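Engineer: predicted model and sequence follow; I will ask about them next.
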Amino acid sequence: MIRDFFAGIGLLLRGFGIVFRTPRLLLLGALPALLTGGLLLALVIGLAVFLPGVIDWATPFLDGWDPTYRELLRELIGVAAVVALIYFGLLLFAAVTLAVGAPFYESIARRVEDRLGGVSTEHDTSWWTDTMDNAKVVGTSALLSIPMFFIDLVPGIGEFAGPVIGVCVSAWLFGLELSVVPFSRRGLPLAARRHMLGRRRAMAFGFALPAYLLCLVPLLAVIVMPAATAGGTLLAHRLLEDQARAPS
């Protein structure tokens with residue numbers, strides 16, 4: 001298990017090596033991360049600008065309170081809303097970036113896999129099937145981020161358990177998304193992806209966990225996303241080769 005975990009880290013490092021040796025891939029993969037990061041920043045700024053008016057409108061029952069307590073509570077509500085947006089934004093940043101930049105990352109993955117020998121007989125999957133598979137992963141990530149947020153609020157254990165569980169779950173889903181192209185080219189659906197990554201769970205986590213943690217830093221994600229896409233392709237290719245060599 002430990003050896004597999006470090007092998008997964010090694011695949012991510014190989015992904016960095018590939019994109020750094022090919023600046024075109026680095027630039028190609030940086031665009032979606034820049035777009036998503038800019039969108040997240042715009043949402044936070046917009047919320048901070050318009051939030052006071054929205055809170056005043058939504059809390060008319062506070063108008064009769066003492067001004068000191070009324071303003072204090074409304075400020076606390078505003079801070080909580082901004083923190084929640086940043087929290088959910090960071091949890092979903094990687095998944096949304098992959099969804100927005102799907103054509104860019106698919107191009108990177110295809111080029112990396114073609115260097116590894118490509119696919120002898122490529123399965124012609126529909127755009128709709130791939131989109132729905134990715135939507136399921138992004139939707140799952142969004143839904144799971146809600147209970148993770150409330151776990152954070154549990155006194156005593158929430159401060160530790162919530163972030164750890166949230167990061168592990170999000171990292172696993174991130175790994176599923178990053179490995180999509182090699183499986184899709186062979187006509188393997190989302191269920192097959194989950195099964196194959198589950199068989200080498202330690203390797204999948206060794207790759208996906210550091211990749212996801214690095215992507216939580218939006219500026220760093222500009223570099224990490226293309227490297228993680230290349231590494232995810234290497235991971236999928238490794239799992240497919242292991243399955244081909246396994247005795248039937």
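Structural biologist: Looks like it came in fine.
Engineer: other SSEs contacting the helix or strand containing residue 96?
Structural biologist: In this assignment (DSSP states H and E), residue 96 forms part of helix 67-100. Judged by 3 or more C-beta pairs under 8 Å, 6 or more residues apart in numbering; DSSP states H and E, helix 67-100 is in contact with helix 23-58, helix 127-152, helix 158-178, helix 201-215, helix 218-245. Any C-beta I mention is one placed from the backbone N, CA and C, and that applies to glycine too.
Engineer: and if we set it to 10 Å?
Structural biologist: helix 23-58, helix 102-115, helix 127-152, helix 158-178, helix 201-215, helix 218-245 (3 or more C-beta pairs under 10 Å, 6 or more residues apart in numbering; DSSP states H and E).
Engineer: quick one: average pLDDT of the fourth one?
Structural biologist: It stands for helix 158-178. The pLDDT scores in helix 158-178 average 79.
Engineer: which secondary element of this structure has the worst mean pLDDT?
Structural biologist: In the chain, no helix or strand scores lower on mean pLDDT, DSSP states H and E than helix 127-152, which sits at a mean of 66.
Engineer: would TSV of the helices and strands packed on helix 67-100 with mean neighbour count and distance to residue 84 be doable?
Structural biologist: Formatted as TSV, the helices and strands packed on helix 67-100 follow (neighbours: other C-beta atoms under 10 Å; distance: least, C-beta to C-beta, whole Å):
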stretch	mean neighbour count	distance to residue 84
helix 23-58	15	10
helix 102-115	19	27
helix 127-152	15	7
helix 158-178	19	13
helix 201-215	23	20
helix 218-245	22	17
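Engineer: possible to save those helices as a markdown table with distance to residue 186?
Structural biologist: Below are the helices and strands packed on helix 67-100 laid out as a markdown table (distance: least, C-beta to C-beta, whole Å):
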| stretch | distance to residue 186 |
| --- | --- |
| helix 23-58 | 22 |
| helix 102-115 | 10 |
| helix 127-152 | 13 |
| helix 158-178 | 16 |
| helix 201-215 | 18 |
| helix 218-245 | 7 |
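Engineer: wait, which of these is closest to residue 1?
Structural biologist: Minimum separation from residue 1 across the helices and strands packed on helix 67-100 (C-beta to C-beta) falls at helix 201-215, 4.4 Å.
Engineer: helix 67-100 and the closest one, what's the angle between them?
Structural biologist: Put simply, helix 201-215 runs at 120 degrees to helix 67-100, going by axes from the mean of the first three to the mean of the last three C-alpha atoms, to 10 degrees.
Engineer: quick one: mean pLDDT for helix 201-215?
Structural biologist: 91.
Engineer: nearest to residue 67, of the helices and strands packed on helix 67-100?
Structural biologist: helix 23-58 (12.8 Å).
Engineer: which strands and helices sit next to that closest one?
Structural biologist: helix 2-21, helix 67-100, helix 102-115, helix 218-245.
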